[in-house]
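Participant: A predicted structure for the sequence below; I have some questions about it.
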Protein chains: 2
Amino acid sequence: MASKKIIVIGGSAAGPKAASKARRMDENADITIYQKASDLSMASCGYPYYVGGFFDDRSQLLCSPAGVVRDSKFFWNAKKITTKVQTEVTIIDKKNKRIEFRDIKTGEVGRATYDKLVIATGATARKPPVPGIDLDGITSLQSLTDADYLRKVHDEGIIKKAVVIGGGLIGIETVEALHLAGIEITLIELLPQLLTFLDKHLARLVEKYVQTKVNVILQNGVAAFLGENGKLTSVKLQDGTEIPCDLAVVAIGVVPNNRLAVDAGLKIGKTGGIIVDSFMQTSDPDIYAVGDCVEIPNLITDLSVHAPYGDLANLQGRIVGENLILGNISQFPGTIQTGICKVFDYGVGSTGLSESNAIRLGFLNLKTVVNASLDKPGFMNGKLLITKLIVDELTGLILGAQVIGPGDVSKQIAIWAMAIKGKLTVDDMATVDLPYAPPYSLAIDHSIATAHIMQNKLKGYYTGISAEDLKEKLKVKDNMLLLDVRNPDEYEQMRLGIGEKLIPLGQLRKRLDEMPKDKNTEIITWCKISLRGYEAALILQANGYTNVKVLEGGIVAWPWACEK
Amino acid sequence: MASKKIIVIGGSAAGPKAASKARRMDENADITIYQKASDLSMASCGYPYYVGGFFDDRSQLLCSPAGVVRDSKFFWNAKKITTKVQTEVTIIDKKNKRIEFRDIKTGEVGRATYDKLVIATGATARKPPVPGIDLDGITSLQSLTDADYLRKVHDEGIIKKAVVIGGGLIGIETVEALHLAGIEITLIELLPQLLTFLDKHLARLVEKYVQTKVNVILQNGVAAFLGENGKLTSVKLQDGTEIPCDLAVVAIGVVPNNRLAVDAGLKIGKTGGIIVDSFMQTSDPDIYAVGDCVEIPNLITDLSVHAPYGDLANLQGRIVGENLILGNISQFPGTIQTGICKVFDYGVGSTGLSESNAIRLGFLNLKTVVNASLDKPGFMNGKLLITKLIVDELTGLILGAQVIGPGDVSKQIAIWAMAIKGKLTVDDMATVDLPYAPPYSLAIDHSIATAHIMQNKLKGYYTGISAEDLKEKLKVKDNMLLLDVRNPDEYEQMRLGIGEKLIPLGQLRKRLDEMPKDKNTEIITWCKISLRGYEAALILQANGYTNVKVLEGGIVAWPWACEK
């Protein structure tokens, strides 16, 4: 039997993974990867860390775990995979099961036939359609060429001012990388918040933190790039502001590279991603597609999404590699859009649905809570975590979680991602058996404590108020009572300063006569993280107060400036 | 209505948690904690870190998150809970719903009645019944008094040699703490391995690592403690060896403090723990029991186990607090015996069943795999993780996982604990959507990669051999071929040296003529972590070799000395 001819278009992440898995499934298949760029198997998620100087050896972005650069020679020797780099596939002729390609260096063109084809063409950085976009000094951080350019900026130390456009994952990672190069940065975001996978409250907390490092401008877009002699000199914003700079990095998202698929008549989704089924098969049974060029189902909403994450690309590649050889036996179920990024000393992560997304999609009966605590005991140098949990009030099912802070965000997000995968409820999470020892967690892990607060809410023990809702209420000066129940020394160090009264929890029972006569008065209680705030609320409720709410997450989750 | 009278016996972890939750559920209940020791709410899992000098302020072991020492005054002011410290409950008279107690300082006795009683008497360190056990210089690390004593040892710096008896969690933590005090340590374990929650292979890897820090003696117990003038001078082992030392710490496990319950006629289980139902109610409906003095179901085996973990004690306390006030509305389902400990720079954790435990309990159709990889990319200073995964071959259900290494063990164990809680299978885990960014994980997380190898095994792509089985085979010199497929420079740096042939993976296809003529020859392949070893095995299989196995976990998981 003739060996199976497999062509893979794209050599970054999903493509090589599919090719390698196919080889492992069939030693005799004839496998060729066509790659437009000159490098293969780039760890593209590592670019910001190379730019930022976390490591200096560029080849580490291209190495196998054993430290060998994954070039064409490597692919041939170790995997018997032919790789054609700097070779662009120009046409997919699906009728004749043939592709046409062009050698970018020589301009030579050629054709090749396939039994099975994999499209792994990735995504391209979106460019704002404004004047000056082609000036020198404007880049994105999408390709290794971009990374090389920005690393040169880092090493030369000539550029002093930069503007980063876009407050999403890549934008934020770029901000950190350039900040580490000693560059003064302005971050511009068109929307009213950074990191739109976060709800506003947590996004605002991240913004408050990022503001301590760089200048952040929200709700403002780029009107034009201004320059002299073809070189960028400033960015002009939609409100007229001009920000002088020598460098602008555009990070306003990516679009799936679907041109080949469109031209070939393959079905394309609303997101621009190629439509695939759970076997990662396109509308043509001999063509699979994987990675940043496809759209896949969100497992909670069942809606198709464009989810350009490196981990999913690899998982999909493995599925396709198996299916190419053995027929459709392996399935990729979809995503819950789990993501994480490092923001200076903060981790910022999310899994499942945000509240705003859930509302937008018509979810009803949402219940949310914000919890703040250390990730491990103070005596083990525990660091802060702030979590927002979103559940379905009727079933208790976990719908989503967002976690930020200097603490161990990665573990928290992994826990919630697993909770969603396992279709667990708040009650399940309230007694889950997680690893505990003081070097790693609190006796009641932050995730479990979050479930406890949610359980208290669902059972009606706990009535919370979000920082945003309290902020709104403060605009209307009514006669509510704001009650901080910490100790005086804590109050001296740090306080909201929004008109609150201080009564330490330990004195509250003795000082009930200082409470309003009208038991229906709205009372908002808090402490540093609102654990004592909750206890205070219960004492007041037990004493007949009918309208007591706890400020969720307490002072550490207050996303605006504090008096102290 | 008269307020409900609640008595809690025990003021360490579960007791105060139950009392505090009961208070939150009922502002008017009359709640009293009786505590034999002089301190309350001690973070006992923190003792080894206090002893080891991770922090100096002893009061941090007793503080609330807000930094207030949880003494009697705190409990009264903040929680309106009466606490009677240094007061031992001597009798539970369940017929008359009454206890008798004795003030340890004054000897005074008293009585008190209850509506609901909680037994949270904890556990006591087991003592070996050998001569000399009462000499000065012999302690355990179970109470705050023990911690104070050992911290004094740490600070004084007089003691130079110590013996730690018992290679379980507490023993290992004690070893680290005393090592940090500059003390020369010998660790004695009666069994053939350390940390019996681990299977032998991983335990041996931990032992290999611990041996680099302290002297480890296995399969040897204490025959006697020898002394002069009432002070310990050496430990005599069962094989006659005498180890001179000024200090011995006994950590051979704990026994539930069940005396009060036994005397009261409550049902006691085979483990010695008080029998409770899922509401944590004992055989007397007015008496609950929580924490280290009870036995609870293992959720996988349904067998009762004694699981003295601080996190479970707290979770149980919260359940009981609610049930005390509202009737039995809240349930504690049980444990999967998730645990973790810090062993110098290693994390060592386990969740669910070990293979040896599963075999002992009669589980059939077990499939296991060992996987080794970094926790995040090398360019982000990734550190090694070694996981052993245990699944049911027929259903693919995850039964257990053990993870060790300098990498992020805590997250891995949390992931597997959640997988067991969610009743997930290997296939579920192969496409799970975990948080990925280079500062936190590999593109394919170590846990997912472990599931992939298991999937490959279950599908018959991958035939593994454990390090132990290979070691056994090496005793019989047959004509198997041992094949290391790394590069020559790697081989020069580190190698097993067990008679292996070196053929780098990239040369294997060209050097097949060097392979045995007999295609049924047993061939064992490996590399550093056995990824390339797996690819080599597939190449050989595709070329007709019928008996090829991959050394699981490769060289880094080889638990014995390497040639280099």
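Facilitator: Received, thanks. Residues are numbered from 1 along each chain as shown, chains lettered A, B, ... in the order given.
Participant: any idea how far stretch A:353-369 is from the chain center?
Facilitator: 18 Å (C-alpha atoms, centre = their mean, to the nearest Å).
Participant: any part of it near chain B?
Facilitator: No. For stretch A:353-369 and chain B, the contact criterion (C-beta under 8 Å from any C-beta of the partner chain) is not met; the two come no nearer than 12.9 Å. All C-beta atoms are positioned from the backbone trio N, CA, C, and that covers glycine.
Participant: now that stretch: mean pLDDT?
Facilitator: Rounded to a whole number, the mean pLDDT of stretch A:353-369 is 97.
Participant: whichever strand or helix holds A:Leu470: how far from the chain's middle?
Facilitator: Assignment of secondary structure by DSSP states H and E places A:Leu470 within helix A:467-475. Using C-alpha atoms, centre = their mean, the distance from the centre of helix A:467-475 to the centre of the chain it belongs to is 28 Å.
Participant: show me the domain layout of chain A.
Facilitator: The record's domain split for chain A, according to automatic domain parsing, is A:5-42+A:61-123+A:255-326, A:138-252, A:339-458, A:464-557.
Participant: and those, which is most packed in?
Facilitator: domain A:339-458 (a mean of 23; mean count of other C-beta atoms under 10 Å in any protein chain shown).
Participant: could I get the full set of helices for the stretch 301-450 of chain A?
Facilitator: Under the criterion DSSP state H, counting those that start in this stretch, the stretch 301-450 of chain A carries helices at the ranges A:310-326, A:355-360, A:409-421, A:426-430, A:446-458.
Participant: columns distance to B:Ile555 on top of the domains of chain A, output as a markdown table?
Facilitator: As requested, the domains of chain A are exported to a markdown table (distance: least, C-beta to C-beta, whole Å):
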| stretch | distance to B:Ile555 |
| --- | --- |
| domain A:5-42+A:61-123+A:255-326 | 11 |
| domain A:138-252 | 31 |
| domain A:339-458 | 27 |
| domain A:464-557 | 46 |
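Participant: for B:Arg70, which of those is the nearest?
Facilitator: B:Arg70 lies closest to domain A:464-557 among the domains of chain A, at 11.6 Å (C-beta to C-beta).
Participant: what's the end-to-end length of the closest one?
Facilitator: The stretch domain A:464-557 measures 13 Å between its terminal residues, going by C-alpha to C-alpha, to the nearest Å.
Participant: then stretch A:322-330?
Facilitator: End-to-end span of stretch A:322-330 (C-alpha to C-alpha): 7 Å.
Participant: ok, and what's touching that stretch?
Facilitator: Outside stretch A:322-330, the residues that touch it by C-beta atoms under 8 Å, 6 or more residues apart in numbering or on different chains are A:4, A:6, A:18, A:21-22, A:25-26, A:29, A:116, A:118, A:279-281, A:288, A:318-319.
Participant: strands - which of those residues land there?
Facilitator: Secondary structure from DSSP state E places A:Ile6, A:Lys116, A:Val118, A:Tyr288 of those in strands.
Participant: what separation do you get for the residue nearest to A:Lys200 when sequence neighbours are not counted and A:Val206?
Facilitator: Of all residues beyond its chain neighbours, the one nearest A:Lys200 is A:Gln193 (5.5 Å), with distances taken as C-beta to C-beta, 6 or more residues apart in numbering or on different chains. Computed as C-beta to C-beta, to the nearest Å, the A:Gln193 to A:Val206 distance reads 9 Å.
Participant: which residues does the nearest residue to A:Gly352 once chain neighbours are set aside contact?
Facilitator: Spatial nearest neighbour of A:Gly352, excluding adjacent residues (C-beta to C-beta, 6+ apart): A:Gly400 at 3.1 Å. Counting by C-beta under 8 Å, 6+ apart, A:Gly400 makes contact with A:300, A:350-355, A:357-358, A:389-390, A:416, A:420.
Participant: A:Gly400 and A:Asn96: what is the separation?
Facilitator: Counting by C-beta to C-beta, the separation of A:Gly400 from A:Asn96 is 46 Å.
Participant: not counting sequence-adjacent ones, nearest residue to the closest residue to chain B within the stretch 351-500 of chain A?
Facilitator: For the stretch 351-500 of chain A and chain B, the shortest gap (C-beta to the nearest C-beta) falls at A:Gly422, measuring 1.9 Å. Excluding its sequence neighbours, the residue lying closest to A:Gly422 (C-beta to C-beta, 6+ apart) is B:Gly422, at 1.9 Å.
Participant: surely the one you found meets A:Ile420?
Facilitator: No. No contact is recorded between B:Gly422 and A:Ile420 when judged using C-beta atoms under 8 Å, the distance being 9.2 Å.
Participant: quick one, what contacts the nearest residue to A:Lys270 once chain neighbours are set aside?
Facilitator: Taking C-beta to C-beta, 6+ apart, and ignoring the residues beside it in sequence, A:Lys270 has A:Ser304 as its nearest neighbour in space, at 6.9 Å. Contacts of A:Ser304 were listed using C-beta under 8 Å, 6+ apart, and they are A:Gly269, A:Lys270, A:Thr271, A:Gly273, A:Ile275, A:Glu295, A:Ile296, A:Pro297, A:Asn298.
Participant: in JSON lines: those, plus secondary structure and pLDDT.
Facilitator: JSON lines is the format used below for those (DSSP: H, G, I helix; E, B strand; the rest coil; pLDDT from 0 to 100):
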{"residue": "A:Gly269", "secondary structure": "coil", "pLDDT": "98"}
{"residue": "A:Lys270", "secondary structure": "coil", "pLDDT": "97"}
{"residue": "A:Thr271", "secondary structure": "coil", "pLDDT": "97"}
{"residue": "A:Gly273", "secondary structure": "coil", "pLDDT": "98"}
{"residue": "A:Ile275", "secondary structure": "strand", "pLDDT": "98"}
{"residue": "A:Glu295", "secondary structure": "strand", "pLDDT": "98"}
{"residue": "A:Ile296", "secondary structure": "strand", "pLDDT": "98"}
{"residue": "A:Pro297", "secondary structure": "strand", "pLDDT": "98"}
{"residue": "A:Asn298", "secondary structure": "strand", "pLDDT": "97"}
